[in-house]
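K.L.:
model this:
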Amino acid sequence: MQQKTGLIEAIIVEVKDRGRIGGSYENTDVICCNPKLAEQGSCKVGEVIIRQDPNNPDWPKRIQTSFEGKNEEATLIQTVEINSTGMYYLYFMFCDPQLKGTILSGRTVWRNPDGYLPGKMAPLMTFSGFMSLAYLVLGLVWFLQFVQYWKDIIHLHYHITAVIGLGMCEMAFWYFEYANFNSTGNRPMGITLWAVTFSAVKKTVSRLLLLVVSMGYGVVRPTLGGITPKVLLLGFMYFVATEALELVEHLGNINDFSGKAKVFLVLPVALLDACFILWIFSSLSKTLEKLQMRRSMAKMELYRKFTNALAVSVLLSVAWIGYELYFNASDPLSELWRRAWIIPAFWTLLAYIILVVICILWAPSHNPTRFAYLEEAGDDLEEEGVSLTTSGVKVAGDVATKLERKERKVSIAADHVYGLGEDPEEDKRE
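P.N.:
The predicted model follows:
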C-alpha cells in the first residue's frame, strides 16, 4: 500500500458559519492547526482548523484526499447532501508547505430541490415568465388599437411597436434560458447569447425611443434632420458597450474578470446612460419651449405629462442606485441572496412602466393629427379651431359689411325714387 502524502481538504461551509473556519475562536488568525493547538485537543496537525456546530456536528463539512506515493495527481469524487437552506461556499485548502503551487481543476455540480438554478437566480425565472406575459398583454392591447386605427397610424407608432416586440422576445429568451439551466445544469451558449443580444438591442432602442420622443419627432418636427447621424452613433456605442457587459456577466464565470475589468466595462455604459439622460431632458426643454411659442396647448399638456413621468423615473433610478450600492457594500458574501433578484428586476420593471406610459400618451386614435406634426398653418386641432373661428368671424364680418352697404344703396335709391331725399339742385348748390 502506497503512503499517502500531501493532504488536500475540500470544506463546505454556510456563510453564517464562516467564523467556524480557522482559529478565530482561539483568538488567533491561523487557519492551519499547529502543534500547540494540537496539544490542546482542538485540531490535528496538518489539517484546517474547524469548530463543529453543536446543533449539527457534521458541519462545516470536511472532505479529504491525498496524493498516494509519487503520484502527482489526486482525485476527489463525492456527493454531499445539504438539508438546510442557505448560501454555501466550497473551499479547497491545504496546510502542507510542499504543496505550494498545486493546481486544482474540476467541476462542481450544485442542485436545489427544484432544479439546478442557483437560489439567487431562481426567482428571476418566475419574474421573466411574468414579464413575458406582461409584454404579451401590452402587445395585444397595442395591436388591437393599431388595427382599429390603422389608417391613422403615424411613424412614431411603428417605433413603439418595435420596442414592445423586442421586450417580449427578450423576456421570453431569458425565461427559456433560466428554464433550460434549471433542468440541465448547463447554460447553453446559443440561448444565452440570443437573450443577451435581445436585451442589449431592446435597451438601446428603448433609449433611442425616449430620445426621439423628447425631440418632438412626429409632433414638433417631421424628421430628425441633421442630428440623425449623432443619434445613431450614440445608439451604436451604447449597444456595443451594453453587449460587452452583458456577455461578461452571463457567459463568463464569476471570477473570470477582476474588479478592475468589470469597472472598465461598467463605466462606458454608465457614461452613455448619463449622455442619454442629459440629451433627453435638454430636448424636452426645447420641445416644450417650441410648443409654448406656438401655443399648442394640447401638445404642451402631453409633453408635460411625459416630462413628469420621466422625472419621477429618474428620481427612482437615482434612489435605487443608492440602494444597490448600499446592498452590495453591506452584503459582500451574498448573505441576503433571497433579495438579490430584486436588483435587476427593478430596472426591467421600470423600463416596462415607462413604455406603458408612452403607449398611453401616444395611443393610436381616430384623430392622429391631434398630436401629429402639421404645417404651421394648423399645428394642432386647437389651433385649427381658433383659426377656423377667426376665419368665421372675418367671413361673417365681411358678409355683414357687404349687406350693410347694399342696404344703404337700396335705401338711398328708395329715397330718390319716392322723393324723400333732398332736392338734387340743393345738393348741387351745396
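K.L.:
distance of residue 352 from residue 217?
P.N.:
Going from residue 352 to residue 217 by CB to CB, to the nearest Å gives 22 Å. Every residue, glycine included, has its C-beta placed from N, CA and C.
K.L.:
If you could redo that for residue 263, that was the one I meant.
P.N.:
Distance, residue 263 to residue 217, by CB to CB: 35 Å.
K.L.:
Let me see the ranges of the helices in this protein.
P.N.:
For the chain, the helices defined by DSSP state H occupy 35-39, 122-148, 155-184, 189-214, 228-251, 259-294, 297-330, 342-361, 381-418, 424-429.
K.L.:
for the third one, packing partners?
P.N.:
So the one you mean is helix 155-184. With contacts taken as 3 or more CB pairs under 8 Å, 6 or more residues apart in numbering; DSSP states H and E, helix 155-184 sits against helix 122-148, helix 189-214, helix 342-361.
K.L.:
Could you list the paired strands of the longest strand that the chain contains along with their orientation?
P.N.:
If you go by DSSP state E, the chain has its longest strand at strand 4-14. Paired with strand 4-14 in the same sheet, following DSSP bridges, are strand 61-68 (antiparallel), strand 88-93 (antiparallel).
K.L.:
so which of those strands comes closest to residue 205?
P.N.:
When these are compared by CB to CB, strand 88-93 sits nearest residue 205, at 39.9 Å.
K.L.:
Now do that closest one: everything it contacts.
P.N.:
For strand 88-93, contacts defined as CB atoms under 8 Å, 6 or more residues apart in numbering pick out 8-15, 18, 21, 31, 48, 82, 104, 108, 333.
K.L.:
what residue ranges in the stretch 1-150 of the chain are flagged as low confidence?
P.N.:
For the stretch 1-150 of the chain, residues meeting the criterion pLDDT under 70 lie at 1-4, 24-28, 69-70.
K.L.:
One more: the stretch 201-350 of the chain?
P.N.:
Within the stretch 201-350 of the chain, the stretches with pLDDT under 70 are 218-223, 252-262.
K.L.:
Before we move on, what's the pLDDT of residue 410?
P.N.:
Note for residue 410: predicted pLDDT of 38.
K.L.:
between the contacts of strand 88-93, which is nearest residue 203?
P.N.:
Using CB to CB, the contacts of strand 88-93 come closest to residue 203 at residue 333, 29.8 Å.
K.L.:
Send me stretch 112-128 as CSV with only the CA atoms.
P.N.:
This file holds the C-alpha atoms of stretch 112-128, laid out as CSV (Å, rounded to 0.1, in the frame of the first residue of the first chain):
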residue,chain,number,x,y,z
ASN,A,112,-31.5,22.5,-5.4
PRO,A,113,-34.8,20.7,-4.7
ASP,A,114,-36.4,22.5,-7.6
GLY,A,115,-33.5,22.2,-10.1
TYR,A,116,-30.0,23.3,-10.9
LEU,A,117,-30.7,27.1,-10.9
PRO,A,118,-28.9,28.9,-8.1
GLY,A,119,-31.1,30.3,-5.3
LYS,A,120,-30.2,33.9,-6.3
MET,A,121,-31.4,33.3,-9.9
ALA,A,122,-34.4,31.1,-9.3
PRO,A,123,-36.8,34.0,-8.7
LEU,A,124,-35.6,35.6,-12.0
MET,A,125,-37.1,32.7,-14.0
THR,A,126,-40.5,33.3,-12.5
PHE,A,127,-40.1,37.1,-12.9
SER,A,128,-39.1,36.6,-16.6
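K.L.:
can you list the residues that contact it?
P.N.:
With CB under 8 Å, 6+ apart as the test, stretch 112-128 has contacts from 85, 87, 109-110, 171-172, 174-175, 178-179, 181-185, 334, 337-338, 340-341, 344-345, 348.
K.L.:
same check, this time on stretch 162-178
P.N.:
By CB under 8 Å, 6+ apart, the surrounding residues in contact with stretch 162-178 are 117, 121, 124-125, 128-129, 131-132, 134-136, 138-139, 142, 187-188, 191-192, 194-195, 198-199, 201-202, 205-206, 209, 348, 351-352, 355, 359.
K.L.:
Can I get the buried part of those as one PyMOL selection?
P.N.:
PyMOL command restricting these to the buried ones, with burial defined by 16 or more other CB atoms under 10 Å:
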select buried, resi 117+121+124+125+128+129+131+132+134+135+138+139+142+191+192+194+195+198+199+201+202+205+206+209+348+351+352+355+359
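K.L.:
What residues does residue 67 make contact with?
P.N.:
4, 5, 6, 73, 74.
K.L.:
Look up how far residue 176 lies from the second one.
P.N.:
In this structure, residue 5 and residue 176 are separated by 49 Å, where distance is defined by CB to CB.
K.L.:
more neighbours, those two?
P.N.:
Neighbour count, other CB atoms under 10 Å: between residue 5 and residue 176, residue 176 has more, with 18 against 15.
K.L.:
tell me how far stretch 178-191 is from the chain's mean position?
P.N.:
Relative to its chain's centre, stretch 178-191 lies at 23 Å (CA atoms, centre = their mean, to the nearest Å).
K.L.:
What of stretch 85-104?
P.N.:
Distance, stretch centre to chain centre, for stretch 85-104: 38 Å (CA atoms, centre = their mean).
K.L.:
End to end on that stretch, go ahead and measure it.
P.N.:
One end of stretch 85-104 to the other measures 28 Å (CA to CA, to the nearest Å).
K.L.:
That one: which residues count as buried?
P.N.:
By 16+ other CB under 10 Å, the buried positions in stretch 85-104 come out as 87, 88, 94, 95.
K.L.:
Ok, stretch 54-70 next?
P.N.:
For stretch 54-70, a neighbour-count test (16+ other CB under 10 Å) marks 59, 60, 61, 62, 65, 66, 67 as buried.
K.L.:
which ones are touching the fourth one?
P.N.:
By that I understand residue 62. By CB under 8 Å, 6+ apart, residue 62 lies in contact with 9, 10, 11, 47, 48, 50.
K.L.:
try it again with 7 Å
P.N.:
Neighbouring residues of residue 62 by CB atoms under 7 Å, 6 or more residues apart in numbering: 9, 11, 50.
K.L.:
got it, and the second one?
P.N.:
Taking CB under 7 Å, 6+ apart as the contact definition, residue 60 lies against 11, 12, 13, 17, 20, 21, 50.
K.L.:
who's the second one bridged to?
P.N.:
This points to residue 12. Here residue 12 sits in beta bridges with residue 61, residue 90, going by DSSP bridges.
K.L.:
before we move on, what about the last one?
P.N.:
Counting by DSSP bridges, residue 50 is bridged to residue 21.
K.L.:
Please name the nearest non-neighbouring residue to residue 138.
P.N.:
Distances taken as CB to CB, 6 or more residues apart in numbering place residue 164 nearest to residue 138, at 5.9 Å, with adjacent residues excluded.
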